[in-house]
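Enquirer: With the sequence up front, the predicted model follows.
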Amino acid sequence: MVSPDTALRRLLRETGKLLEPYGFGGSEPTWIRVEPGGVASVGRTRVSRTWTDGQQTLRFGLHLDATPAAWWEFRNWRDTRLGLAPTSLENATGPGLVDPHPPGREQPESWSLRVDPERAGQHAVQADIDVIRAELPRRVHAYARRAIALVQPDRYLDELLARPEPDLDTRRAIVVLLADRGPGPELDDAIHHLRHAIPEQEAPEYVEEVVTYARTRAALV
């Protein structure tokens with residue numbers, strides 16, 4: 001019998017062990033895997049705490065992220081122009097635009113760890129622990145595979161290009177990632193759409209900074 005917080009810590013240790021065969025390292029709350037194409041991460045969501053009739057319930061889940069190396073290079077280029085220190089690939093984040101769940105799959109519900117009202121001492125409900133422990137391997141498998149897939153060459157970009165109506169942030173990321181393919185009609189077209197997508201109230205420097213980077217990067221490919 002353990003408290004919900006102790007149960008959570010133990011389950012997260014199990015999560016880290018389950019991620020090891022997929023090449024993820026680190027420690028709770030986020031484990032990462034660095035690839036030539038970028039960095040993939042799987043981690044714990046923020047823990048929410050609610051109380052009902054004086055009994056606490058913890059809720060949490062897993063999340064994933066993927067940062068293409070091309071996006072990391074752009075952010076470091078931008079930070080250097082701003083006088084900021086570069087970020088290592090292991091600590092890279094963004095652009096955060098792709099659905100973390102595999103196509104056709106709905107987001108799974110958060111797990112719950114309740115306090116057992118039938119026992120003294122604020123112990124977690126054992127059935128809740130058992131459910132999470134049973135579902136954990138399958139969910140870790142799905143999240144790890146999805147995160148790794150998103151940092152494979154062009155995968156992130158291809159998912160952005162498949163959107164029928166990309167918003168401004170998506171068009172910005174498309175230009176940055178397309179620059180890694182070198183100059184050509186596809187990059188020219190993406191820059192054209194980006195320039196026409198920016199609202200009138202936005203400063204044009206927001207777009208031109210991206211265009212400058214993309215033209216410079218593409219010329220080196």
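Expert: The structure has been received and is ready for your questions.
Enquirer: any idea how far the nearest residue to Pro117 once chain neighbours are set aside lies from Ser110?
Expert: Nearest non-adjacent residue to Pro117, counting by CB to CB, 6 or more residues apart in numbering: Gln55, 5.6 Å away. For glycine as for every other residue, the C-beta is placed from the backbone atoms N, C-alpha and C. As defined by CB to CB, to the nearest Å, Gln55 lies at a distance of 17 Å from Ser110.
Enquirer: Could you list everything the residue nearest to Pro117 pairs with in the sheet?
Expert: For Gln55, the beta-bridge partners are Thr52 (DSSP bridges).
Enquirer: Check the burial of it by counting its neighbours.
Expert: 13 (other CB atoms under 10 Å).
Enquirer: Tell me how far it lies from Ala134.
Expert: 23 Å.
Enquirer: wait, Asp169 sits on Pro95?
Expert: Yes: applying CB atoms under 8 Å as the test, Asp169 and Pro95 come out as touching, 6.9 Å apart.
Enquirer: Tell me the helices and strands packed up against the helix ranked longest in the chain.
Expert: Scanning the chain for the helix with the most residues, using DSSP state H, yields helix 126-150. Contact analysis of helix 126-150 by 3 or more CB pairs under 8 Å, 6 or more residues apart in numbering; DSSP states H and E lists helix 4-19, strand 30-35, strand 38-44, strand 62-68, strand 111-114, helix 155-161 as its packing neighbours.
Enquirer: and the second one, what's its mean pLDDT?
Expert: When pLDDT is averaged over strand 30-35, the result is 96.
Enquirer: and the one helix or strand in the chain whose mean pLDDT sits lowest, what does it pack onto?
Expert: None of the helices or strands of the chain scores lower by mean pLDDT, DSSP states H and E than strand 48-52, at a mean of 88. Helices and strands touching strand 48-52, by 3+ CB pairs under 8 Å, 6+ apart, are strand 55-60.
Enquirer: can you list contacts of the strand it packs on?
Expert: 4-5, 8, 44-51, 110-115, 117, 122 (CB atoms under 8 Å, 6 or more residues apart in numbering).
Enquirer: Throw together a PyMOL command that grabs the buried residues out of those residues.
Expert: Only the buried entries of the contacts of strand 55-60 go into this PyMOL selection, using 16 or more other CB atoms under 10 Å:
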select buried, resi 4+8+44+111+112+113+114+115
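Enquirer: Kindly export stretch 131-149 (C-alpha atoms) in PDB.
Expert: Taking C-alpha atoms only, stretch 131-149 is exported to PDB below (Å, rounded to 0.1, in the frame of the first residue of the first chain):
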ATOM      1  CA  VAL A 131      -4.800  -0.500 -14.700                       C
ATOM      2  CA  ILE A 132      -2.000   1.900 -15.400                       C
ATOM      3  CA  ARG A 133       0.700  -0.800 -15.100                       C
ATOM      4  CA  ALA A 134      -1.200  -2.900 -17.600                       C
ATOM      5  CA  GLU A 135      -1.700  -0.100 -20.100                       C
ATOM      6  CA  LEU A 136       1.700   1.400 -19.800                       C
ATOM      7  CA  PRO A 137       3.700  -0.900 -22.100                       C
ATOM      8  CA  ARG A 138       1.300  -0.500 -25.000                       C
ATOM      9  CA  ARG A 139       1.100   3.300 -24.600                       C
ATOM     10  CA  VAL A 140       4.800   3.700 -24.300                       C
ATOM     11  CA  HIS A 141       5.300   1.600 -27.400                       C
ATOM     12  CA  ALA A 142       2.900   3.800 -29.400                       C
ATOM     13  CA  TYR A 143       4.400   7.100 -28.200                       C
ATOM     14  CA  ALA A 144       8.000   6.000 -28.700                       C
ATOM     15  CA  ARG A 145       7.300   4.800 -32.200                       C
ATOM     16  CA  ARG A 146       5.400   8.000 -33.100                       C
ATOM     17  CA  ALA A 147       8.100  10.300 -31.700                       C
ATOM     18  CA  ILE A 148      10.900   8.400 -33.500                       C
ATOM     19  CA  ALA A 149       8.900   8.400 -36.800                       C
END
